[in-house]
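J.: Got a predicted structure here, sequence first:
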Amino acid sequence: MAFTAKDVQALREKTGVGMMKCKEALTEAMGDMEKAIDILREKGLAAATKKAGRIAAEGVVLAYNDVEKNIGVVVEVNSETDFVGKNQEFQNFVLDIAKTIANENPADVDALLATKLYGSDRTVQENLQDKVLSIGENMKVRRFERVEGTVATYVHGGGSVGVMVHFDVDKDVANNEEFQTMGKDVAMQIAAMNPSYLNEESVPADVLDHEKGILEAQLKEDEKNKNKPAQVIQKIVEGRIGKFFKENCLLDQQFVKDNDLSVKAYVESVAKKLGKDVKVVGFTRFAKGEGLEKREDNFADEVASMMK
């Protein structure tokens, strides 16, 4: 019986086992999904399989900066409970995953899972399965971003939010204490204010058109403006779109630590002091569990289950 890539993905979702192992099991089972599950269970993945369907929306986000290699990484690894996210063994495991990403540059999560874990002769997936079995919770490597170049990183709330900011600067500037302070300030700005875009130029045209459409509709509903000519309405919209940029574009945002400056002006002021060009190239912000279904615990039921 033949099977497709979708079957491999379906088996992975059912079992939590890596893509390659799922493919091998389906090959051995000649495409029979239930038989493939049994094969994975027979290979010692039974306990992990039972946990794989449980919601993993806690865990930790880690931002890692390998200064010597000039590589930055931000990665999210999820667990079922915040308790495990605070576990030192789990945090060390996530750090090893970040080092693996920095050193091996995997193309995606599947490639990462098939890569040998930093400091280990076994893959990330195999080590992940070990952690699932030993700690007793479902865990998943959800996503990561890797950047080559000068970065500043910041982790908030013990891993609730991780930020990596990419800069274009000379190497001597990257080692300057004042630059490093500025880099952390910008990273903290991103953590706090959650900008969607770097600057005005990076806002997609369709997003901008959508915002302008909303502003136009608001003006037409306004008694003071609805009878004004279309060209006047357009000028008012263009004026008001600046507020959208200030709220959603990092460099246009009001700098949290000095409301008299924009983030762009703050970066430029530090660059002027250093006598060097400093350019913010981009950023990555991961918030733990964003977009994932959260498990809703009933405290009374939890206590009752503990008493049984």
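T.: Thanks, I have it.

J.: all contacts plus neighbour counts: C-alpha atoms, from now on.
T.: Will do.

J.: Can you name the next helix or strand after the host helix or strand of Val163?
T.: Element membership of Val163 [criterion: DSSP states H and E] is strand 161-168. For strand 161-168, the following helix or strand on the C-terminal side (DSSP H and E) is helix 171-174.

J.: In CSV, list the C-alpha atoms belonging to that next one.
T.: Extracted in CSV, the C-alpha atoms of helix 171-174 (Å, rounded to 0.1, in the frame of the first residue of the first chain):
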residue,chain,number,x,y,z
LYS,A,171,32.8,44.5,14.3
ASP,A,172,34.6,47.0,16.5
VAL,A,173,31.2,48.7,17.2
ALA,A,174,29.6,45.4,18.1
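
J.: So what touches that helix?
T.: The contact list for helix 171-174 (Cα atoms under 8 Å, 6 or more residues apart in numbering) reads Thr150, Phe179, Gln180, Leu274, Lys276.

J.: and which of these is nearest to Ala2?
T.: Thr150 (47.6 Å; Cα to Cα).

J.: Next up, phi/psi of that closest one, please.
T.: Note on Thr150: its backbone torsions stand at phi -80, psi 120 [degrees, to the nearest 10].

J.: So which residues of the chain form helices?
T.: 5-15, 19-28, 33-40, 46-51, 82-85, 88-104, 109-113, 124-135, 171-174, 177-193, 205-221, 230-248, 263-274, 299-307 (DSSP state H).

J.: Packing partners of the longest one?
T.: Pointing back at helix 230-248 there. helix 205-221 (3 or more Cα pairs under 8 Å, 6 or more residues apart in numbering; DSSP states H and E).

J.: about what we covered before: partner strands of the strand holding Val163 and their direction?
T.: strand 150-156 (antiparallel), strand 279-287 (antiparallel) (DSSP bridges).

J.: Let me know the average pLDDT across the longest one.
T.: Just to be clear, that refers to strand 279-287. With pLDDT averaged residue by residue, strand 279-287 scores 97.

J.: May I see the buried residues of that strand?
T.: Val280, Gly282, Phe283, Thr284, Arg285, Phe286, Ala287 (16 or more other Cα atoms under 10 Å).

J.: Would you mind getting the angle between it and helix 177-193?
T.: Counting by axes from the mean of the first three to the mean of the last three Cα atoms, to 10 degrees, strand 279-287 lies at 40 degrees to helix 177-193.

J.: follow-up on the earlier one: now render the contacts of helix 171-174 as JSON lines, adding pLDDT and distance to Asp222.
T.: What follows is these, written out as JSON lines (pLDDT from 0 to 100; distance: Cα to Cα, whole Å):
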{"residue": "Thr150", "pLDDT": "96", "distance to Asp222": "48"}
{"residue": "Phe179", "pLDDT": "96", "distance to Asp222": "47"}
{"residue": "Gln180", "pLDDT": "95", "distance to Asp222": "48"}
{"residue": "Leu274", "pLDDT": "95", "distance to Asp222": "49"}
{"residue": "Lys276", "pLDDT": "93", "distance to Asp222": "48"}
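
J.: Select only the buried ones of these in PyMOL?
T.: A single PyMOL command is used to select the members of the contacts of helix 171-174 judged buried by 16+ other Cα under 10 Å:
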select buried, resi 150+179+180
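
J.: Show me the two of the contacts of helix 171-174 that sit farthest apart.
T.: So, those by Cα to Cα: farthest apart are Thr150 and Leu274, at 16.1 Å.

J.: How far does stretch 247-264 stretch from one end to the other?
T.: 13 Å (Cα to Cα, to the nearest Å).

J.: Likewise for stretch 102-120?
T.: 15 Å.

J.: sorry, back to before: now render the helices of the chain as a markdown table, adding distance to Val161.
T.: Formatted as a markdown table, the helices of the chain follow (distance: least, Cα to Cα, whole Å):
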| stretch | distance to Val161 |
| --- | --- |
| helix 5-15 | 26 |
| helix 19-28 | 28 |
| helix 33-40 | 35 |
| helix 46-51 | 26 |
| helix 82-85 | 13 |
| helix 88-104 | 14 |
| helix 109-113 | 19 |
| helix 124-135 | 22 |
| helix 171-174 | 24 |
| helix 177-193 | 7 |
| helix 205-221 | 25 |
| helix 230-248 | 18 |
| helix 263-274 | 20 |
| helix 299-307 | 26 |
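
J.: For Gly59, find the nearest of those.
T.: Across the helices of the chain, closest to Gly59 is helix 82-85 (Cα to Cα), at 4.1 Å.

J.: any chance of the strands paired with strand 161-168 in JSON lines, plus distance to Gln189?
T.: Output for the strands paired with strand 161-168, formatted as JSON lines (distance: least, Cα to Cα, whole Å):
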{"stretch": "strand 150-156", "distance to Gln189": "10"}
{"stretch": "strand 279-287", "distance to Gln189": "11"}
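
J.: So for Ile214, which of the ones you listed sits nearest?
T.: Nearest of the strands paired with strand 161-168 (Cα to Cα): strand 279-287, 27.0 Å.

J.: Right, I'll leave it there.
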